Structure formats: structure tokens, C-alpha cells
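Q: sequence and predicted model, in that order:
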Amino acid sequence: MSAMTQTLDPHLVRDLTEAKAALARHGIVIIRSIETELEPAVMAAAKESMAAKPAMLAKMDDDELDRFVDSLRKKTMRSASELRGLHVRLLAKLGTDYIVDLVKELDGIDELFTWERIGKAATKDVDQALLDKGFAKVDMPGPDEVSENFAVELGEKWSPAFARFKSLAVQAADILREQGAVPPARTKGQKAKRKG
């Protein structure tokens with residue numbers, strides 16, 4: 001923030017910092033829900049899908065059913081872990097001093113914090129495994145299938161917080177560009193030199 005604090009109005013810097021902190025708080029709650037609540041919710045939906053076709057279940061003996069459920073659980077845990085890692089990286093990007101570069105990525109970041117993207121990524125492998133065994137895909141139409149708290153954070157709190165942060169970030173980036181105070185974008189080579 002040092003380059004920005006020298007160039008931008010202190011009130012804008014303060015508002016941007018507060019908006020970033022608010023967004024990070026909502027993001028952290030979403031990530032915690034992905035970490036702790038997503039896997040049980042997907043597994044519950046998978047079991048409902050299986051229970052809806054008792055004839056298909058009857059074709060599986062106990063050992064085969066146990067192995068299948070265990071494989072579904074592993075797929076779900078892996079998907080939740082990958083989603084958690086992705087969203088942690090996205091939140092970390094919001095902390096960059098390279099606000100002009102960040103503004104270019106904001107729409108993509110926001111899109112990844114939607115149920116459409118999270119739900120699809122969480123259930124893709126499980127859905128395929130269920131279909132392969134003759135069951136239907138899991139039925140998880142909205143984030144409330146995970147938890148009420150997750151639905152509120154993702155559907156009601158993230159969007160306005162993100163809109164406020166984006167508006168301020170765009171305003172700051174415009175001012176930095178106008179005043180020629182844009183720091184040069186880091187390249188992979190520069191990053192490597194810093195590490196070495």
C-alpha cells in the first residue's frame with residue numbers, strides 16, 4: 001500500500017483498506033464452510049441419490065457398497081480441498097499492492113465465489129461416479145444445501161462486499177494510471193530473482 005498511500009487520497013486508501021478487510025472476512029467464512037461443511041453435504045446428497053434407486057443398490061453387496069461410498073468420500077474430500085486451496089489463493093491476491101493489475105482480475109475472482117462454480121467443482125467427480133453406477137447426479141441446487149450460514153455468506157454478504165471493494169479498487173486504479181504512479185507489473189523472472 002506504500003505507493004498508493006503516497007499518491008491516493010487518504011480517505012480513499014482508508015475506505016479501500018476497510019473494504020478489503022470486510023471482503024477478506026466474508027471470504028474466510030466461505031473458505032471455512034468449504035473446509036468443514038461441503039464434504040458432509042455432498043456425501044448426504046450422494047446417499048440420497050443412491051437411496052432413490054433401491055434396485056441399483058440391491059445389485060451391490062455390502063463390501064462393494066462400502067468401497068463405493070468410501071471412493072465417493074475420497075473424491076468429495078479431494079474436491080473440497082482443491083476448492084479451499086483455490087479460494088485461499090484468490091483471497092491472497094486481494095492483498096496485492098499491484099491494484100491496477102488486480103482490477104483486471106476482479107471479475108474472474110468474483111465468478112469463482114459463486115455457488116454455480118463451487119457447486120459444480122464440488123460435485124463433478126462424485127456425479128460421474130454415481131452416473132457410472134446407474135445413479136442420478138447429486139441434487140444440490142443452492143448453497144443452502146451446505147448450510148444456512150454458507151448460503152448467507154456466499155449469496156448475501158460476499159456480493160455487496162465485493163461490489164464495494166471493486167468500486168473503490170477501480171477508482172484507485174484509475175487515479176494511479178492518471179498520475180502515472182502505476183508500479184511496473186512483476187514478471188516471473190523478477191519473482192525468481194527475488195527468491196534466489
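A: Good, I have the coordinates. Numbering: from 1, shown residues only.
Q: show me the shaky parts of this structure.
A: Flagging of the chain using pLDDT under 70 yields the residue ranges 1-6, 181-196.
Q: now do the helices in it.
A: 2-7, 10-36, 38-51, 54-58, 62-93, 99-112, 115-132, 148-152, 158-178, 188-195 (DSSP state H).
Q: okay, the ones you listed in JSON lines with distance to Gly142 next?
A: Quick note: C-beta positions are derived from backbone N, CA and C, even for glycine. Shown next, in JSON lines, are the helices of the chain (distance: least, CB to CB, whole Å):
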{"stretch": "helix 2-7", "distance to Gly142": "38"}
{"stretch": "helix 10-36", "distance to Gly142": "13"}
{"stretch": "helix 38-51", "distance to Gly142": "11"}
{"stretch": "helix 54-58", "distance to Gly142": "26"}
{"stretch": "helix 62-93", "distance to Gly142": "16"}
{"stretch": "helix 99-112", "distance to Gly142": "17"}
{"stretch": "helix 115-132", "distance to Gly142": "6"}
{"stretch": "helix 148-152", "distance to Gly142": "7"}
{"stretch": "helix 158-178", "distance to Gly142": "14"}
{"stretch": "helix 188-195", "distance to Gly142": "39"}
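Q: out of those helices, nearest to Pro141?
A: Pro141 sits nearest to helix 115-132 of all the helices of the chain, at 8.2 Å, using CB to CB.
Q: list of residues touching stretch 19-31?
A: Stretch 19-31 is contacted by residues 84, 87-88, 90-91, 94-95, 113, 149-150, 153-154, 157-158, 161-162, 164-165, 168 when judged by CB atoms under 8 Å, 6 or more residues apart in numbering.
Q: 6 Å instead?
A: Contact partners of stretch 19-31, identified using CB atoms under 6 Å, 6 or more residues apart in numbering, comprise 84, 87, 91, 94, 153-154, 157-158, 161-162, 164-165, 168.
Q: same deal with stretch 115-128?
A: Outside stretch 115-128, the residues touching it (CB under 6 Å, 6+ apart) are 38, 42, 46, 72, 75-76, 79, 83, 137-138, 140, 143.
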